[in-house]
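>>> one predicted model, sequence on top.
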Amino acid sequence: MKQLVLASNNAGKLREFARLFAQVDIELVPQGQLGVSEAEEPHCTFIENALAKARHASRATGLPALADDSGLCVPALGGAPGVYSARYGGEPKSDARNNEKLLAELGQSTDRRAFYYAVLVLVRSADDPRPLIAEGRIDGVLLYAPRGEGGFGYDPLFWLPQLGKTAAELTPEQKNPISHRGRALAALLARLAEESL
Ligand SMILES: O=P(O)(O)OP(=O)(O)OP(=O)(O)OC[C@H]1O[C@@H](n2cnc3c(O)ncnc32)[C@H](O)[C@@H]1O
Ligand SMILES: [Mg+2]
């Protein structure tokens, strides 16, 4: 089976990708298992950061690599936390502090629209001149207090009006097919089916 290194250290993403790849004929190996150091994410766009992470992991391992750069975008906050979603509440990264800061910044704002956005990049080699790229998005509304224990990141605040639940109240089977990440991966796998790894 072909191996693909997953260029992420986020435990929540690793869980979701493991499940999403369960039916795919590719062995997904988290970069941490191969001793890959954390990549810098210095850029102001998701796509540039995703490319940087994928190239870094591929260069370190000699394997094809898949990276996910994602985040929560809130129009009422000018698009924040956006590419800074992981470290919005400061270093070291903490989901709890990120959620607290988000609630503080929003205050009693009535415009609570938000969306998750993900870019996936697959490089066959570190200097792949033609990376496979796909994006996905899911829209929701931010609550005033967290609800639910599942998922990760901002999921306890991310309310899905059509489902009447937060993303943290969904099972992985419910979240994955509709999430920004699940949608991006479906698009990426469709591209991959036309090409070869
Ligand atoms: O870079 P890697 O190692 O993959 O891990 P990371 O957590 O730093 O990942 P990003 O730089 O892509 O930042 C994404 C952040 O956006 C948030 N996020 C992304 N997808 C999410 C999801 O499905 N549910 C909840 N929060 C999510 C969460 O705070 C993540 O830490
Ligand atoms: Mg990151």
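Yep, it's here. Ligands and ions are numbered 1, 2, ... in the order given.
>>> where does the protein dip in pLDDT?
Along the chain, segments meeting pLDDT under 70 span 1.
>>> show me what from the protein comes close to ligand 1.
8-10, 13, 41, 53, 68-72, 85-86, 98, 116, 151-155, 167, 179, 181 (C-beta under 6 Å from any ligand atom). (Each C-beta comes from the backbone N, C-alpha and C, glycine too.)
>>> next step: the residues you listed restricted to helices.
In helices, judged by DSSP state H, the following of those are found: 13, 53, 98, 181.
>>> of those residues, buried ones?
Among these, those scoring as buried are 13, 53, 98, 181 (criterion: 16 or more other C-beta atoms under 10 Å).
>>> quick one: residue 47 from residue 91, how far?
Per C-beta to C-beta, to the nearest Å, residue 47 is found 24 Å from residue 91.
>>> brain fart, residue 119
Distance of residue 119 to residue 91, given as C-beta to C-beta: 23 Å.
>>> the more surrounded of the two?
Using other C-beta atoms under 10 Å as the criterion, residue 119 and residue 91 rank with residue 119 on top: 23 against 8.
>>> that one is in what secondary structure piece?
For residue 119, the host element (DSSP states H and E) is strand 113-123.
>>> listing partners with orientation, what would you give for the helix or strand just after that strand?
Remark: after strand 113-123, the chain's next helix or strand is strand 132-142, criterion DSSP H and E. Sheet pairing of strand 132-142 (DSSP bridges) gives strand 113-123 (antiparallel), strand 158-160 (antiparallel).
>>> mind listing residues that contact strand 132-142?
46-47, 50, 74, 102, 106, 112-123, 157-161, 167, 178-188, 191-192, 195 (C-beta atoms under 8 Å, 6 or more residues apart in numbering).
>>> buried ones among those?
Neighbour counting over those (16+ other C-beta under 10 Å) leaves 46-47, 50, 74, 102, 106, 112, 114-123, 157-160, 167, 178-185, 187-188, 192 as the buried ones.
>>> which residue does the chain bring closest to ligand 1?
Ranked by C-beta to the nearest ligand atom, the top residue of the chain for proximity to ligand 1 is residue 153, at 2.1 Å.
>>> my read: that residue touches residue 13, true?
No - using C-beta atoms under 8 Å, residue 153 is not in contact with residue 13, being 9.0 Å away.
>>> excluding sequence neighbours, find me the nearest residue to the residue nearest the centre of the chain.
Centroid-nearest residue in the chain: residue 70, 3.9 Å away (criterion: C-alpha atoms, centre = their mean). Nearest residue to residue 70 in three dimensions, chain neighbours excluded: residue 118, at 3.7 Å (C-beta to C-beta, 6 or more residues apart in numbering).
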